[in-house]
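Colleague: Give the three-dimensional model of this entry:
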Amino acid sequence: MNDLSDLARRLTVALRLGSAPIAITFSDRGGEPSPIGAVAAGCVFWMKATERAFSTSASDHANCSVGSYTHGLMDLATATARDDVKTVLAAGWVDERAMKGLPHVRVRPESIAYGPLADCTAVPDVVLVRVDGVGLMGLHGAIPDLAIEGRPQCHIVALAKEENAVTASVGCALSRARTGMPPEEVVERLEATVALDKVMANYAAQHAKDFSR
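Modeller: Take a look at the predicted model:
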């Protein structure tokens, strides 16, 4: 077992992961077009990378201008001029100020590789894990200054790469629809969090009674 395989195992156990940790590596070398085929957005590659390793080019990410921008594959002016970004701006889902402030990979990569962390032979730029509510609480407990970001969620990759920051995202509606990640997972996370909070509240209440006698 190599160090990265062991790291993947430890993350899976500690965070009770239902999906394998994935590695994301940005390269200045050109790569082959993705064998996955056309996808709606780069976040779809996150789902595919739990099963196999592959390389992608800028054109593989081109169906989502926001993701292309956050991953350094497209400049801001080009992204904001495209129809998909115009749509989210017109709807008010994000505003121009938020779009301009999105973290992004600063140096344009020639290719981006994805794959299971356990299969990596070199340290990747980013390790991405998909956690539930309990896992998120565990992360926050270990890293009190953990940044928890909102929409769109793809910019956490840029934050991790450029700022060397451990960052979490609550996800976004666009990514959930494009990846097929069921919205029920939000409910499951909420239920798990509320249930754990209730257990702890009951414990605290009982503990308080011990001192009120």
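
Colleague: secondary structure class for residue 197?
Modeller: With DSSP: H, G, I helix; E, B strand; the rest coil as the basis, residue 197 sits in helix.

Colleague: All further residue positions should be reported with the first residue as 2.
Modeller: With 2 as the first residue, the last one maps to residue 198.

Colleague: any idea how far it lies from residue 135?
Modeller: Distance, residue 198 to residue 135, using CB to CB, to the nearest Å: 11 Å. Any C-beta I mention is one placed from the backbone N, CA and C, and that applies to glycine too.

Colleague: Neighbour count: those two, which is higher?
Modeller: Using other CB atoms under 10 Å, the more surrounded residue of residue 198 and residue 135 is residue 135, with 15 against 12.

Colleague: Let me know the pLDDT of that one.
Modeller: The model reports residue 135 with a pLDDT of 83.

Colleague: Quick one: list the elements packing against the helix or strand where it lies.
Modeller: Here residue 135, judged by DSSP states H and E, is contained in helix 134-143. Applying 3 or more CB pairs under 8 Å, 6 or more residues apart in numbering; DSSP states H and E, we find helix 134-143 packed against strand 168-170, helix 185-210.

Colleague: Pull it out as PDB, backbone CA atoms only.
Modeller: Output of helix 134-143 as PDB, limited to C-alpha atoms (Å, rounded to 0.1, in the frame of the first residue of the first chain):
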ATOM      1  CA  GLY A 134     -23.400  16.100   7.500                       C
ATOM      2  CA  VAL A 135     -21.600  14.000  10.100                       C
ATOM      3  CA  GLY A 136     -18.400  14.100   8.000                       C
ATOM      4  CA  LEU A 137     -18.700  17.800   7.700                       C
ATOM      5  CA  MET A 138     -19.000  18.200  11.400                       C
ATOM      6  CA  GLY A 139     -15.900  16.000  11.800                       C
ATOM      7  CA  LEU A 140     -14.000  18.200   9.400                       C
ATOM      8  CA  HIS A 141     -15.100  21.300  11.200                       C
ATOM      9  CA  GLY A 142     -14.100  19.900  14.600                       C
ATOM     10  CA  ALA A 143     -10.600  19.000  13.300                       C
END
